[in-house]
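>>> coordinates for the following, if possible.
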Amino acid sequence: MTSQPEDDSDFFERERARLIVEISSGFETLLSEQNTLNQKLDQVREVGGEFSTVATLWSHFHELMREQELVASELSKSVGGGYAGSGSHLVGKPVTNANE
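Purely as a prediction, here's the structure:
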């Protein structure tokens, strides 16, 4: 009976040591995966930064086109013409009836 408590304590010590090794291995894996995730997030941020110049260029283009559209609509209201292809756009002199 004296060996029973000693066997129990040996078992618990071995189990404790095994669990400590398993936990520290899990932490190492977690740290490694977290570093990989941080690298991937940095790469995504860099790619997004590369597109910011293109997005700015398209934004300026959009603003320019909108300004041109506003000028064209104001001009069409004052001249009475419409957009090309709409049937109301006048090119050059208006067509007059030959019978007039």
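>>> quick one: the helices in the chain, in order.
With DSSP state H as the criterion, the chain has helices at 3-79.
>>> low-confidence ranges, it, go.
Scanning the chain for pLDDT under 70 picks out 1-3, 79-100.
>>> how far away is the most centrally placed residue in the chain from Leu41?
Among the residues of the chain, the one closest to the centroid is Gly48, at 6.6 Å (Cα atoms, centre = their mean). Applying Cβ to Cβ, to the nearest Å, the value for Gly48 to Leu41 is 11 Å. (Glycine included, C-beta is placed from N, CA and C.)
>>> what's the answer for Gln68, then?
Separation of Gln68 from Leu41 (Cβ to Cβ): 40 Å.
>>> count of residues packed around Ala72?
14 (other Cβ atoms under 10 Å).
>>> an error on my part: the question was meant for Glu69.
Glu69 has 11 nearby residues by other Cβ under 10 Å.
>>> what sits against it?
Counting by Cβ atoms under 8 Å, 6 or more residues apart in numbering, Glu69 touches no other residue.
>>> for Gly49, which residues are in contact?
Contacts of Gly49 by Cβ under 8 Å, 6+ apart: none found.
>>> quick one: it from His60, how far?
18 Å.
>>> just Thr53 next, same as before
Going from Thr53 to His60 by Cβ to Cβ gives 11 Å.
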